[in-house]
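[1] Mind looking at a prediction? Sequence and model below.
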Amino acid sequence: MPAIRVLIAKPGLDGHDRGAKVIARALRDAGMEVIYTGLRQTPEMIAEAALQEDVDVVGLSILSGAHMALVPRIREMLDANDLKDVPLIIGGIIPDDDKSALTAMGVQGIFGPGTSTETIVARIQELVGAKGEASLL
């Protein structure tokens, strides 16, 4: 089975990427291929990178509080690029009150500060495994 390909993106004006780089390193250490887009990405840039890189999962790191504005637009752009089946996960400062709305938007993993890298790796493996099993049916 080929390595899981994960796009890690920092949407919006958030200028802190230490956490995204830590996650990228942990995913690489777990045998995944990671594409890190860098800071200040637009939803369109993220969706285009996901399409061009043929990723299995898109991970967003959002610390700015703009998740409720950015996530719906990113999901919309992914869907417009025929990436409806690509799971979207997010990490960062996400208030508990927003989690159910994000899940309803199609976010399949929400990871706050202090989440172990092992938990994130396991969730990505679970998401990609479920996707692979579904395509076999």
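    Done, it's in.
[2] in which helix or strand would I find the residue nearest to the spatial centre of the chain?
    Nearest to the geometric centre of the chain sits G59, at 1.4 Å (CA atoms, centre = their mean). Counting by DSSP states H and E, the element that carries G59 is strand 57-62.
[3] Paired strands for that strand, with orientation please.
    Looking at strand 57-62 with DSSP bridges, its partner strands are strand 5-9 (parallel), strand 88-92 (parallel).
[4] First-to-last residue distance for stretch 78-97?
    Taking CA to CA, to the nearest Å, stretch 78-97 runs 25 Å from one end to the other.
[5] contacting residues around that stretch?
    Stretch 78-97 is contacted by residues 14, 19-20, 23, 46-48, 50-51, 55-63, 65, 67, 71, 74-75, 102, 106-113, 115, 120, 123-124, 127-128, 131 when judged by CB atoms under 8 Å, 6 or more residues apart in numbering. For the C-beta atoms, the positions are set from N, CA and C on the backbone; glycine is no exception.
[6] give me that answer again for 7 Å
    Contacts to stretch 78-97, defined as CB atoms under 7 Å, 6 or more residues apart in numbering, come from residues 19, 23, 47, 50-51, 55-63, 65, 67, 71, 74-75, 102, 106-112, 115, 123, 127, 131.
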